[in-house]
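>>> Requesting a structural model of the entry that follows:
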Amino acid sequence: QVQLVESGGGLVQAGGSLRLSCAASGSIFSINAMGWYRQAPGKQRELVASLTSGGSTNYADSVKGRFTISRDNAKNTVYLQMNSLKPEDTAVYYCNAELRRTLWDNPPSSYWGQGTQVTVSS
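A predicted model of the protein is given here:
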């Protein structure tokens with residue numbers, strides 16, 4: 001079994017900051033990439049930021065310059081530092097990991113966390 005456990009969501013005023021964490025645990029051979037998605041009410045889930053094992057990052061245009069994704073490989077943990085938050089950042093944020101449970105898992109499987117609420121008040 002693999003689990004992704006998120007933490008760090010909450011309520012913050014516009015212009016404030018939050019840091020999300022997501023720890024992957026269980027039977028994991030390797031992690032190809034980890035990332036954060038978000039889903040606002042009535043909208044589709046969208047990619048916020050992703051980080052590959054090689055260090056490549058990808059950000060949604062709406063968060064570039066404000067959010068930073070990072071990873072602690074030893075802890076199988078990914079972070080999302082969110083600065084200059086805006087009301088439109090309000091959403092449930094989900095952690096995602098593409099990983100192999102064994103050497104022979106090909107392609108890697110995708111796992112999701114339970115989601116953490118981020119609310120930005122104006």
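>>> In space, not sequence, find me the middle residue of the chain.
Nearest to the geometric centre of the chain sits W36, at 2.4 Å (Cα atoms, centre = their mean).
>>> Confirm for me that that one is in contact with R71.
No: between W36 and R71 no contact is recorded; they are 11.3 Å apart, counting by Cβ atoms under 8 Å. Quick note: C-beta positions are derived from backbone N, CA and C, even for glycine.
>>> which residues are common contacts for these two?
V78 (Cβ atoms under 8 Å, 6 or more residues apart in numbering).
>>> ok, now which ones touch the residue nearest to the centre of the chain?
Contacts of W36 (Cβ under 8 Å, 6+ apart): 20, 22, 47-50, 69, 78, 80, 93-96.
>>> so which strand or helix has the closest residue to T119 other than its chain neighbours?
Take T119 and drop its neighbours on the chain: the residue closest to it by Cβ to Cβ, 6 or more residues apart in numbering is L11, 4.7 Å away. If you go by DSSP states H and E, L11 is part of strand 10-13.
>>> Report the backbone C-alpha coordinates of that strand in CSV.
C-alpha atoms of strand 10-13 as CSV (Å, rounded to 0.1, in the frame of the first residue of the first chain):
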residue,chain,number,x,y,z
GLY,A,10,-5.9,26.6,6.2
LEU,A,11,-7.4,30.0,6.1
VAL,A,12,-5.2,33.0,5.2
GLN,A,13,-5.8,36.6,4.2
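>>> what sits up against that strand?
By Cβ under 8 Å, 6+ apart, strand 10-13 touches L18, L85, Q117, V118, T119, V120, S121.
>>> how about the nearest residue to N96 once chain neighbours are set aside, secondary structure?
In space, and not counting its chain neighbours, N96 is closest to G35: 5.0 Å by Cβ to Cβ, 6+ apart. On the three-state scheme (DSSP: H, G, I helix; E, B strand; the rest coil), G35 is labelled strand.
>>> which residues sit in contact with G35?
L47, V48, A49, S50, L51, N58, I69, V78, C95, N96, A97.
>>> Which pLDDT value goes with the residue nearest to T119?
Here the pLDDT value assigned to L11 is 98.
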